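[1] Build me a model:
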Amino acid sequence: MNDEFRQVLENIKEICYNVENAKAKYRSSSDDVRIMAVTKTVPPEKVNVAVAQGITLLGENRVQEFLSKKDAYDKAAEVQFIGRLQTNKVKYIINDVSLIQSVDSFKLAKEIDRLAAKNGRVMNVLIEINIGDEASKSGISTGELDELICQTAELENVAVKGLMAIPPIGCGEDVFERMNMLFQELKEKNIKGVSMDILSMGMSGDYEMAIKHGSNLVRIGTKMFGARNYLEG
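    A predicted model of the protein is given here:
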């Protein structure tokens, strides 16, 4: 094993320790927090090192990149799509991912529903919220959330499983707490077709804070695989 792969192993140990420590400080010991390996720009051989260590949940940002790498991934891996998704690209991933985290319009939800029905499946999705109202990021505003949730819940081949967000870099804890409050409020509404099982929030620079404020799925790239030339992960 080369030094680069050994570093991934060390990084995973540190991440797992920090996740467990954050749970011990802020959450119940029985709470499950999944660690997702964000694989953007990472070669499959390096990703498979993480999978072999039990990090079996992978997050893909780009359809074309995923298609070029998917056959080389360890078969134990579960892949979710976390990037901005155009409606005309849904057909390429509909049978290869377990969940789409980045649903931010009813147009996209309807296309996922259409293709899921065509392929005889139900696609799990998260609604992406632009919690910091940043022009550079996708996701809906908090004011649009109830309408999109209710519209999407009516679709027969889509199941809303929760929410996803990318809080602004360096933001205060209040942003994370606001996201958790939205999640809890929706859970209490018991909307038919909406389960609110997953709050996907937290990346390399803020995953411990995200766990403090209710996240049960953290998306980690840079801390796991090393620095890259983009901010997400």
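
[2] from the middle of its chain, how far away would stretch 122-135 be?
    10 Å (C-alpha atoms, centre = their mean, to the nearest Å).

[3] buried residues in that stretch?
    Within stretch 122-135, the residues that qualify as buried are Met123, Asn124, Val125, Leu126, Ile127, Glu128, Ile129, Asn130, Ile131, Gly132, counting by 16 or more other C-beta atoms under 10 Å. Backbone N, C-alpha and C define where each C-beta goes, glycine included.

[4] Quick check: end-to-end length of it?
    By C-alpha to C-alpha, to the nearest Å, the extent of stretch 122-135 from end to end equals 32 Å.

[5] how about the strands of this structure, start to end?
    Secondary structure of the chain, counting by DSSP state E: strands at 34-38, 57-60, 78-81, 99-103, 123-129, 158-165, 194-200, 217-220.

[6] export those strands to a markdown table and tack on mean pLDDT and distance to Met181?
    Output for the strands of the chain, formatted as a markdown table (pLDDT from 0 to 100; distance: least, C-beta to C-beta, whole Å):
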| stretch | mean pLDDT | distance to Met181 |
| --- | --- | --- |
| strand 34-38 | 98 | 21 |
| strand 57-60 | 98 | 24 |
| strand 78-81 | 98 | 24 |
| strand 99-103 | 98 | 20 |
| strand 123-129 | 98 | 12 |
| strand 158-165 | 98 | 11 |
| strand 194-200 | 96 | 11 |
| strand 217-220 | 98 | 18 |
